[in-house]
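A.B. asks: pasting a predicted model and its sequence here:
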Amino acid sequence: MEMNLPNKLTLLRIILIPVFIIILSIPSPTDVFGIPLMHLLAAIIFAFASATDWLDGYLARRDNLVTNFGKFADPLADKMLVMTAFIMLVGISFVPAWIAAVIICRELAVTGLRLLLVENGGAVLAAAMPGKIKTATQMVSIILLLLGFHTIGTIVLYICLFFTIYSGYDYFAKNMQVFKDVK
């Protein structure tokens, strides 16, 4: 199977996840501008990986390179990256565990809903604006927290939490027909 550039970017994002974990697990030997070196490196890796999320989608649509692999792997890579980051941030006490749990549960629930929709008629659940805001605020909050901007990072985290809950509700409210056989 020949891999196109968008799919290679998706694979790169997946490969960067263990690198992110390792970097964030190593004690920082020094600070750079008051930021622990390993947190700075983790923020750079996370920001780069997040940028590949936008870039692979843009290139796939622009160059008509949408593949079944991309449809499967791209959202999986996104969720793996974000969930890993939140778990790691809980581990270093930057994010309360309950917030990470809400975010992770929502991600898994919406992924399950997407699978049910495809199974029951092939409908693909496109990302709506609240979900896009959720994703953007997730990524921004993670980067800000890693860079030591805890006050603004926490504010963005709570905005992310709001859009996590709201967008999850929105997706389920608009797609309740998938549960029509539940008695």
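C.D. replies: Arrived safely, thanks for sending.
A.B. asks: contacts, neighbours, all on C-alpha from now
C.D. replies: Fine.
A.B. asks: what about the residue nearest the centre of the chain, which helix or strand?
C.D. replies: In the chain, the centroid-proximal residue (C-alpha atoms, centre = their mean) is residue 82; its distance is 3.5 Å. Assigned by DSSP states H and E, residue 82 belongs to helix 68-91.
A.B. asks: I'd like to know which elements that helix is packed against.
C.D. replies: helix 5-25, helix 37-62, helix 97-119, helix 129-146 (3 or more C-alpha pairs under 8 Å, 6 or more residues apart in numbering; DSSP states H and E).
A.B. asks: buried residues in it?
C.D. replies: Of all the residues in helix 68-91, those buried under the rule 16 or more other C-alpha atoms under 10 Å are 70, 73-74, 77-90.
A.B. asks: same thing with stretch 40-57?
C.D. replies: For stretch 40-57, the neighbour count (16+ other C-alpha under 10 Å) marks 40-47, 49-50, 52-53, 55-57 as buried.
A.B. asks: residue 30: which of those is nearest?
C.D. replies: residue 40 (10.7 Å; C-alpha to C-alpha).
A.B. asks: contact partners for residue 148?
C.D. replies: For residue 148, the contacting residues are residue 35, by C-alpha atoms under 8 Å, 6 or more residues apart in numbering.
A.B. asks: that's a helix at it, yeah?
C.D. replies: No: applying DSSP: H, G, I helix; E, B strand; the rest coil, one finds residue 148 to be coil, outside a helix.
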